[in-house]
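A.B. asks: below are the sequence and a predicted model for it; my questions follow.
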Amino acid sequence: MATEMQYRTDPKSGNKLSALGFGCMRFPRSAALCEELITTAVKAGINYFDTAHMYSGSEATLGDILKKHELREKVFIADKLPHFRCKSSDDIEKFFAESLKRLQTDYIDYYLIHNIGSLDAWNRLESFGIRDWITKKKEAGLIREIGFSFHGKSVDFIPLLDAYDWDFCQIQYNYLNENFQAGTAGLKAIHERGMAAIIMEPLLGGKLAQNLPQEAKDLFDQTIPGRTPAAWGFKWLWDKPEVTVVLSGMNTMDQLSENSEVASNSPVGSLTDAERVVYGKAYNTISQAYKVPCTGCDYCMPCPSGVNIPACFSAYNMSYILGFSSGMGLYVNATMGLGTSRSSPSNCTKCGICIKKCPQGIDIPSRLKDAQNRLEPLPIRLVLKLVKRIIG
């Protein structure tokens with residue numbers, strides 16, 4: 001991998017962070033591939049690895065590989081506290097200790113309050129004494145930098161940003177989300193406060209890299225032949241001086257190679273005016289095609305009623321992007337038989353648990369009904385009812 005990684009300075013600590021960070025939420029199942037990806041990433045100059053206590057198996061996998069190859073001192077580890085699972089100060093300490101053990105380290109470089117979306121959530125943590133807890137951990141060197149990741153309404157972002165003397169902040173941001181959640185205004189606010197801005201969901205869970213509407217693909221390819229949709233997504237972010245690190249969950253060596261190369265060739269201000277215009281046109285095309293802004297993060301899962309929520313939304317979106325028959329094929333796979341099993345939207349009881357968990361603020365029950373209405377039209381539902389009666 002013959003590329004020279006681009007580094008950007010964390011204003012608070014002075015750390016030189018790789019512009020491309022490794023998102024560890026969706027590691028591949030192969031242990032050998034995980035090891036190859038992480039070790040190759042470090043060799044390519046990537047030094048920021050983002051995991052979380054709630055990412056199943058992620059901390060332990062990262063910790064094992066870093067220890068085996070003696071890489072701990074060569075990287076910055078970002079980890080997250082699942083504050084929504086905390087009911088007391090003891091829980092805060094317990095989760096932090098578990099993360100240290102899984103990572104096989106005695107300190108965390110960048111520690112975040114995970115997915116905090118409102119001032120009320122922060123006030124709750126303050127009632128547990130989290131200010132004193134953070135101070136003690138930083139004084140002891142157990143936490144080097146403290147921040148939070150945000151999935152909330154734009155109106156709640158600035159009050160939360162100013163509620164504490166944070167060192168850095170992680171937000172969802174991409175060329176479709178300039179006015180969503182923290183958005184561009186939030187990114188600028190982070191920068192104005194002298195904090196590092198870490199970007200998650202740069203490709204909306206891969207949606208801006210794969211399965212784009214053909215019109216958007218053609219638009220990109222006609223402008224810069226050979227540049228992939230993923231590269232377009234990353235370059236839009238690295239063009240901005242406020243962006244410090246862009247996270248990418250890379251599951252293949254090809255993805256790692258391409259993303260590293262793009263990162264090395266995308267300094268601030270590298271886009272032309274003509275290229276910037278193209279993003280606006282692509283936005284119009286893509287936003288019309290995607291009916292539900294689901295990123296497939298799985299925070300809503302498992303559904304108590306067994307509905308495969310992300311897969312149903314993916315099929316619903318694909319029915320518009322790739323055509324009804326393609327979407328229907330995905331839907332059949334997602335529901336294991338169009339409502340004859342527990343994974344169909346018809347099983348939704350509107351309990352609302354998923355709504356509270358969704359980082360995108362999607363009204364999941366009502367949108368599941370939309371998906372069912374499109375992909376289980378009335379004739380199909382009548383047939384299913386008949387089948388159920390026959391089966392008994």
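C.D. replies: Looks like it came in fine.

A.B. asks: and the average pLDDT for the lengthiest strand in the chain is what?
C.D. replies: Criterion DSSP state E: the longest strand present in the chain is strand 143-150. Here strand 143-150 scores 97 as its mean pLDDT.

A.B. asks: stretch 49-58 now?
C.D. replies: Rounded mean pLDDT across stretch 49-58 is 96.

A.B. asks: chain center to that stretch, what's the gap?
C.D. replies: Relative to its chain's centre, stretch 49-58 lies at 12 Å (Cα atoms, centre = their mean, to the nearest Å).

A.B. asks: one more: stretch 31-44?
C.D. replies: With Cα atoms, centre = their mean, you get 20 Å for stretch 31-44.

A.B. asks: thinking again about what came up before, using CSV, list the CA coordinates for the longest strand of the chain.
C.D. replies: Coordinates of the C-alpha atoms in strand 143-150 are reproduced here as CSV (Å, rounded to 0.1, in the frame of the first residue of the first chain):
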residue,chain,number,x,y,z
ILE,A,143,-8.5,8.9,30.1
ARG,A,144,-6.5,11.2,27.9
GLU,A,145,-9.3,13.1,26.0
ILE,A,146,-13.0,13.2,26.8
GLY,A,147,-15.8,13.8,24.3
PHE,A,148,-19.2,12.6,23.2
SER,A,149,-20.9,11.2,20.1
PHE,A,150,-24.1,12.8,19.1
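
A.B. asks: next secondary structure after it?
C.D. replies: helix 154-161 (DSSP states H and E).

A.B. asks: sheet partners, orientation included, of the helix or strand just after that next one?
C.D. replies: With elements assigned by DSSP H and E, the helix or strand that comes after helix 154-161 is strand 168-172. Using DSSP bridges, the strands paired with strand 168-172 are strand 143-150 (parallel), strand 196-200 (parallel).

A.B. asks: as a markdown table, those with mean neighbour count and distance to Tyr48 would be great.
C.D. replies: All C-beta atoms are positioned from the backbone trio N, CA, C, and that covers glycine. Output for the strands paired with strand 168-172, formatted as a markdown table (neighbours: other Cβ atoms under 10 Å; distance: least, Cβ to Cβ, whole Å):
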| stretch | mean neighbour count | distance to Tyr48 |
| --- | --- | --- |
| strand 143-150 | 22 | 11 |
| strand 196-200 | 25 | 8 |
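
A.B. asks: and the one helix or strand Thr184 maps to, what does it pack against?
C.D. replies: Applying DSSP H and E as the criterion places Thr184 in helix 183-192. Where contact means 3 or more Cβ pairs under 8 Å, 6 or more residues apart in numbering; DSSP states H and E, helix 183-192 is packed against helix 154-161, strand 168-172, strand 196-200.

A.B. asks: what's in contact with that helix?
C.D. replies: 150, 154, 157-158, 161, 169, 171, 173, 177-178, 182, 196-197, 240-243 (Cβ atoms under 8 Å, 6 or more residues apart in numbering).

A.B. asks: hmm, 7 Å instead?
C.D. replies: By Cβ atoms under 7 Å, 6 or more residues apart in numbering, the residues outside helix 183-192 that reach it are Ser154, Phe157, Ile158, Leu161, Cys169, Ile171, Tyr173, Asn177, Glu178, Ala197, Glu242.

A.B. asks: circling back to that earlier point, take the helices and strands packed on helix 183-192 and lay them out in JSON lines including mean pLDDT and distance to Ala231.
C.D. replies: Output for the helices and strands packed on helix 183-192, formatted as JSON lines (pLDDT from 0 to 100; distance: least, Cβ to Cβ, whole Å):
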{"stretch": "helix 154-161", "mean pLDDT": "93", "distance to Ala231": "28"}
{"stretch": "strand 168-172", "mean pLDDT": "97", "distance to Ala231": "20"}
{"stretch": "strand 196-200", "mean pLDDT": "98", "distance to Ala231": "15"}
